[in-house]
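**Student:** need the 3D shape of this:
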Amino acid sequence: MIPKKASRIIIALTVVLCIAFSSFVNLDDDPVVVKIVTQLHQWLSANPTEKVYLQLDKPYYAAGDNIWFKAYVTANNKPSALSGILNVELIDGRDSVKRHIKLELNNGIAWGDFILPDTLQAGNYRLVAYTNWMRNAGAEYYFDKTIAVGNTNKPHHITQAQKNNSNTADVQFFPESGSLVNGLRSKVAIKVVGPNGLGIDVTGTIIDNQNNTVSNITTTHLGMGIFALTPQNGKTYKALLTYPNGLKSTVNLPPALNSGYVLTINSADTENINVKVAASPNMPNAGKFYIIAQSAGQAQFIADNKSNGNSFSMTVPKSKFPSGIVQFTLFSSTGQPLNERVVFIQHQADLLQLDITANKKTSTIREPYKFDFTAKTNDGKPVAGNFSVSVVDDSKVPDNATDQTTILSHLLLTSDLRGYIENPAYYFENINETTRANLDVLMLTQGYRRFNWKPLLAGETAPPKFEVENAIEISGKVISNYGKKPVANAKIALFSRAGMFYMDTLADQQGRFTFRNLMISDSVSLILQARTPKDGTYVTVVLDDNKYQRKEALVKKVTPQNYSPDDFITYLASSKALFDQEIKDGIGNHSILLKQVEVKDKIKKPVLSYSANILGPGNADQVFTNEMIYKYGPGHLEDFLRTRVNGIIFHEGSPRTSRIIDSLGNPAKMLILVNGVENNSIADLMTSDVGSVEILKAGYHAAIYGPRGRNGVLLINLKTGIDAMNNLPKNTTLDVIKLTPKGYYTSREFYSPKYDDPKTNKDLADLRTTIYWNPNITTDNTGHASFKYYNAGTPGTYRVVIEGMDAEGRLGREIFRYKITAE
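**Tutor:** Numbers count the residues shown, from 1 in each chain. Here you go, the predicted model:
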């Protein structure tokens, strides 16, 4: 039985088809079409495609920088309502995860940041983002961007990522419909990639086994090109190629089939797609063919050939499809897939038009600058949407726009393709006949497969392995201490010591329980307590493994960096000037390099099992280890510290330094960080929860935390996992568990000075490279929004980049530049 929705798709498409192509038969009762569309609809409905894109504040970074990013998650070209959590990881060149955060998704959007310590080793890092649901598609479809992180003390030491270490170029040929067929003319795409992973343009000829020239080759864009070939029975073919440096090579073409089909598609016309199907001459009356095209999670077009001849052609309006990749599949009369071809559809009507106006054409340093912008559809209707904006100094952060990944290039193009795409933004800048032709060649050379037709049609596809993760949850089982049997209807409570959080539930008949929809911040310390239905304590809680934690290895993937080394050196020089000035002004979060001295006695640093200290574990003015705290015994952490830390007093859980007085004449408040997350008080923390404490007094150590740490920093590292279990008080049994689940990360706020504020020190140098970052700008029902910031302290040209989407999934991107002059 056909699902109603699938029936509606077939009927709707058939009506459109009969109107547009009167030569085609009615397909709503064709059993082959019914089977294909039904199976396709069922699979696509059960496996919606989620994608994620991150807008960054700039293309590359220096150790000591901050990475600011905004996430956009879509499902079938709409803001995703599927997943509620996004994972973002920072991975080094050894595939080691340096940071992992969870962000709460709201209508497919979230934002976050990563601090890059100035002690971070320079090199290529990867920024990887994915939902748990995306794990079903595989790591090849995650957002995975390689970013360069430089060392400002060694700006000329740059390691550009390379895909392989071969000294030879990689040459591949791609017949349009998968295979060459003797007697049938085919388009063949060529792709030539150098050792650095970037395309190399070549020229050459195709010769047969009798040395006859049968075709010429000239790549036209980034090592890609196309030529025509009609292979003949009994002949083989090879390419004679010449490289820009004069070297030559010979590469064999794939052998041709003796019989088969060729699916040819021409999408050069701006309005229509021309489709042609041909069967080899030795297959008379090849029979009926079907063409099905799908994109954006559903079948968009179905057609067949009326006659039983060896070829047929048709014209398909591009208006039938949304923007993005469309997969055309040729089926036999029995419904077996024969050939595939993907094309790219570009509709300006699917994109948002962002109109940006500034309050003045030119501006001066440290002056306020205001932008108004309006988001509209292509036909001028205002829309409400969510956007992010980055402003950088173009002279300090040089950038080639076509080299970068954009919200358009990623969500519409590269997120559906396998392998590295060089200069993806090129295909969306200045769209014309040439860019459309080059984009079509790209479609021929890149791998694309969201599913395998044969198991899909046979109904043998496996169910999704990974679930949708909507919210943070904790689950497990309660068993008796004697006999280890499930405790039905056990009482379970989850709470914090401070009493700010409390939930309870009952276990089922198998002793299982789940706490769902937990709204907890990253690294919060919780207590889970279980009792029998009669409040007995002789039970044990066994927590489940985190099924949402990625355990599979990522694909070994470091994308080539096609930025200019000179641009990167310019950026590192600007960053060094900024960092040096911040250290001089006492506000920088950067280490100071001292002259080498002879060390005769080495002070041994305390060993900490876990530390969120940016300077590294134990690099502090005073450290209290787990052993020191354990010897103190149970009690409030505030009481433990009160008698052990010099120069610090406590008031209602707030540490204050007696050496610095605030504007009200009181001891100044210190910054409190619990597992790296800012807190207002330590009043609710018990010594049994704490693994270590690090004190960074105002000055050298605290400088790395910038203005927030000017009065000193109190770093509290909570116990996690095994440490927490091993250090339970003696009177605690296994009916009580202390745990620190991975909660939501709360993004820091980008700091931008306000020069009209009398508290702002206008004498400090302002050498910022990222001038402004705002990840959450919402247009109203009139499509209008505005934002304002202050220019930095050096003249130059500022580059403003705005990206975002509306509730219908329409995407928008705009770049605006303006000049800054000296006062």
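**Student:** which stretches of the stretch 651-800 of the chain form helices?
**Tutor:** 721-726 (DSSP state H, counting those that start in this stretch).
**Student:** chain neighbours aside, what residue packs nearest to the residue sitting furthest away from the middle of the chain?
**Tutor:** The outermost residue of the chain relative to its centre, with distances by Cα atoms, centre = their mean, is Q210 at 51.2 Å. Computed as Cβ to Cβ, 6 or more residues apart in numbering, the closest residue to Q210 that is not its neighbour in sequence is K235, at 7.5 Å. Every C-beta, even on glycine, is put in place using the N, C-alpha and C of the backbone.
**Student:** now for I527: which residues touch it?
**Tutor:** L494, F495, S496, R497, V736, I737, K738, L739 (Cβ atoms under 8 Å, 6 or more residues apart in numbering).
**Student:** ok, back up a step: return the residues in contact with the residue nearest to Q210.
**Tutor:** The neighbours of K235, taking Cβ under 8 Å, 6+ apart as the test, are D208, N209, Q210.
**Student:** and what of L543?
**Tutor:** I474, S475, G476, L528, I737, L739.
**Student:** is it bridged to anything, and to what?
**Tutor:** Per DSSP bridges, the residues bridged to L543 are G476.
**Student:** can you check F69 too?
**Tutor:** L56, G112.
**Student:** pLDDT wise, what is it at?
**Tutor:** Listed pLDDT for F69 reads 98.
**Student:** assess the claim that it and L103 are in contact.
**Tutor:** No - F69 lies out of contact with L103 (Cβ atoms under 8 Å); the separation is 9.6 Å.
**Student:** anything in contact with each of these two?
**Tutor:** By Cβ under 8 Å, 6+ apart, the residues touching both F69 and L103 are V88, W111, G112.
**Student:** wait, which of those residues is closest to D399?
**Tutor:** W111 (21.0 Å; Cβ to Cβ).
**Student:** my guess is the closest one contacts V73, does it?
**Tutor:** No - counting by Cβ under 8 Å, V73 is not a contact partner of W111; they are 11.8 Å apart.
**Student:** between the two, point out the one with more neighbours.
**Tutor:** Applying other Cβ atoms under 10 Å to W111 and V73 shows that V73 carries more neighbours, namely 27 against 19.
**Student:** contact partners for the more buried one?
**Tutor:** By Cβ under 8 Å, 6+ apart, V73 lies in contact with E50, K51, V52, P79, S80, S83, L86, L105, G108, I109, A110, T131.
**Student:** sorry, back to before: make a ChimeraX selection of the buried ones in the contacts of L543.
**Tutor:** Buried residues among the contacts of L543 (16 or more other Cβ atoms under 10 Å), as a ChimeraX selection:
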select :474,476,528,737,739
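**Student:** could you dump the contacts of L543 to a markdown table with pLDDT and distance to S747?
**Tutor:** Shown next, in a markdown table, are the contacts of L543 (pLDDT from 0 to 100; distance: Cβ to Cβ, whole Å):
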| residue | pLDDT | distance to S747 |
| --- | --- | --- |
| I474 | 92 | 24 |
| S475 | 92 | 28 |
| G476 | 92 | 30 |
| L528 | 90 | 28 |
| I737 | 83 | 30 |
| L739 | 81 | 24 |
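**Student:** tell me the contacts of N679?
**Tutor:** I672, L673, I716.
**Student:** how near is the first one to G712?
**Tutor:** Which is I672. 10 Å (Cβ to Cβ, to the nearest Å).
**Student:** shared neighbours, the two?
**Tutor:** With Cβ under 8 Å, 6+ apart, I672 and G712 have common neighbours P655.
**Student:** give me the more crowded residue out of the two.
**Tutor:** G712 (25 against 19).
**Student:** quick one, what contacts the more buried one?
**Tutor:** I648, P655, T657, I660, M670, L671, I695, L696, K697, A698, A702.
**Student:** do the same with G260
**Tutor:** Counting by Cβ under 8 Å, 6+ apart, G260 makes contact with S179, V181, L184, A279, S280, L338.
**Student:** now do P795
**Tutor:** P795 neighbours (Cβ under 8 Å, 6+ apart): I365, K819, I820, T821, A822.
**Student:** in a markdown table, list those along with distance to P634, neighbour count and pLDDT.
**Tutor:** Shown next, in a markdown table, are those (distance: Cβ to Cβ, whole Å; neighbours: other Cβ atoms under 10 Å; pLDDT from 0 to 100):
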| residue | distance to P634 | neighbour count | pLDDT |
| --- | --- | --- | --- |
| I365 | 57 | 17 | 89 |
| K819 | 64 | 13 | 92 |
| I820 | 59 | 23 | 89 |
| T821 | 64 | 12 | 91 |
| A822 | 62 | 8 | 87 |
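**Student:** which of those residues sits closest to S332?
**Tutor:** K819 (62.9 Å).
**Student:** which residues in the stretch 301-450 of the chain form strands?
**Tutor:** 311-317, 324-331, 337-345, 353-358, 362-364, 368-376, 385-393 (DSSP state E, counting those that start in this stretch).
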